[in-house]
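Novice: Have a look; sequence and predicted model below, questions after that.
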Amino acid sequence: MALIFLNFWLIRLTKTKDNAMHNLRNKFDSILSIVKHSLTNFLDNNGNLPRPGPKPRFSDAEVIALDLLAESLMITSENYLFKFLHNNLKDQFPYLIERSRYNRRKRELFSLIEQVRIELVKHLIGQEDTFLIDSMPLPIVKLSRAPRARICKEESSRAPDHGYCASQNQKYYGYKFHATSTIDGVITHFTITKAHVHDIEYLQEIRDFYPGCTILGDRAYLSDPLQLELFENDRLMLITPMRRNQRNYRKQPSLFRRLRKRIETVFSQFCDQFQIQKNYAKTFLGLATRILSKITAFTLLQYLNKYKFKNKLNHVKHVLV
């Protein structure tokens, strides 16, 4: 009986994935139009960056659109994507490039993918004055493999290292992902640092972007001198819960705790739906491009929910299915 149920579940899962891959060209064209509109000031009429020599037939805009489509459909395997396109939709993508060339061009277009994300964020946020901040680990290999791992070590300044995640009470080897979002869950800034970097260092980097605003963080950002300095110099109010052993301890109001859950939920979506903590990259640029593509795809789905499908902003799992 269990075997019959398992077979039924696998068939249903396969059909769901196949249905998601049908009308792929229509979904691709929708995303391509958004990409071109976001990059109007950067691309020529064919969707390419101005460059000497022959123009690629599979344009830069199409490379970005295909990347965002794959991430939006939660397709983590480029091999699966290209095998499906070659076997089923070759007539719809006649100028599709080879997979390794696609991967190389995607890394070269890092700055344009970021520009698409910035343009989408501009459409999603208004006059915001309250933001959320948090971080999470990005392990690249298991801790036992760390001594012999060579991934992302092409530059010592960007090489991974050991870190500790207090919320999960575990050590790991890799990087740390820092992000700032609106109270609606739109990521406004993010970065990838070495695993040992303290969360406060990221806050120092982004402080100039949020003058006069309120930022809600967890206890990792707790620092009375920093809170005072931010308020005096930037009129930036950093609000964190107090530790129980602090003098004059007061429990944080439930409103702040409820608001902060939004960024924790977004991080859970990154981990569960977008597999952000699974690493397939061999270089730091490859890892950074992969992370950026996932954040941009998430923002794109929020944009589609708001302006096309009129759904709740963060219900992104089945937007393109």
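Specialist: In hand now; what should we look at?
Novice: Can you identify the element that follows the lowest-mean-pLDDT helix or strand in the chain toward the C-terminus?
Specialist: Every helix and strand of the chain was ranked by mean pLDDT, DSSP states H and E. The lowest is helix 2-21, at a mean of 46. Note on helix 2-21: by DSSP states H and E, the next helix or strand toward the C-terminus is helix 24-38.
Novice: Please enumerate residues in contact with the next helix or strand after that following helix?
Specialist: Using DSSP H and E, the helix or strand that follows helix 24-38 in sequence is helix 60-72. With contacts defined as Cβ atoms under 8 Å, 6 or more residues apart in numbering, helix 60-72 is touched by 24, 27-28, 31-32, 35-36, 39, 43, 47-49, 78, 81, 97, 102, 105-106, 109, 112-113, 116, 274, 293-294, 296-297, 300-301, 319-320. C-beta coordinates here come from the backbone N, C-alpha and C atoms, glycine included.
Novice: Only alpha carbons, please: show helix 60-72 as PDB.
Specialist: Output of helix 60-72 as PDB, limited to C-alpha atoms (Å, rounded to 0.1, in the frame of the first residue of the first chain):
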ATOM      1  CA  ASP A  60      21.800  39.500 -22.800                       C
ATOM      2  CA  ALA A  61      18.200  40.300 -21.800                       C
ATOM      3  CA  GLU A  62      17.300  36.700 -22.700                       C
ATOM      4  CA  VAL A  63      20.100  35.300 -20.600                       C
ATOM      5  CA  ILE A  64      18.800  37.300 -17.600                       C
ATOM      6  CA  ALA A  65      15.200  36.400 -18.300                       C
ATOM      7  CA  LEU A  66      15.900  32.700 -18.600                       C
ATOM      8  CA  ASP A  67      17.900  32.900 -15.300                       C
ATOM      9  CA  LEU A  68      15.000  34.600 -13.500                       C
ATOM     10  CA  LEU A  69      12.500  32.200 -15.000                       C
ATOM     11  CA  ALA A  70      14.400  29.100 -13.800                       C
ATOM     12  CA  GLU A  71      14.800  30.600 -10.300                       C
ATOM     13  CA  SER A  72      11.100  31.600 -10.200                       C
END
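Novice: roughly how far out does that helix sit from the chain middle?
Specialist: 14 Å (Cα atoms, centre = their mean, to the nearest Å).
Novice: That one: what's the following helix or strand?
Specialist: Counting by DSSP H and E, the next helix or strand C-terminal to helix 60-72 is helix 78-88.
Novice: hey, where'd the strands end up in the stretch 151-300 of the chain?
Specialist: 161-165, 170-182, 187-194, 214-216, 237-239 (DSSP state E, counting those that start in this stretch).
Novice: TSV please, covering these and showing mean pLDDT.
Specialist: As requested, the strands of the stretch 151-300 of the chain are exported to TSV (pLDDT from 0 to 100):
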stretch	mean pLDDT
strand 161-165	95
strand 170-182	97
strand 187-194	97
strand 214-216	96
strand 237-239	95
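Novice: Compare those strands and give me the one nearest Arg148.
Specialist: strand 170-182 (11.2 Å; Cβ to Cβ).
Novice: Which strands or helices does the closest one pack on?
Specialist: Counting contacts by 3 or more Cβ pairs under 8 Å, 6 or more residues apart in numbering; DSSP states H and E, strand 170-182 packs against strand 130-141, strand 161-165, strand 187-194, helix 199-206, helix 254-272, helix 284-304.
Novice: Partner strands of it, with direction?
Specialist: strand 130-141 (antiparallel), strand 161-165 (antiparallel), strand 187-194 (antiparallel) (DSSP bridges).
Novice: Out of these, indicate the one that is most buried.
Specialist: strand 130-141 (a mean of 21; mean count of other Cβ atoms under 10 Å).
Novice: mind listing what the residue lying closest to Asn279 once chain neighbours are set aside touches?
Specialist: Ranked by Cβ to Cβ, 6 or more residues apart in numbering and with sequence neighbours excluded, the top spatial neighbour of Asn279 is Ile140, at 4.5 Å. For Ile140, the contact set (Cβ under 8 Å, 6+ apart) comprises Ala149, Ile151, Cys152, Pro160, Tyr173, Gly174, Tyr175, Asn279, Ala281, Leu287.
Novice: Since that was my last question, I'll sign off now.
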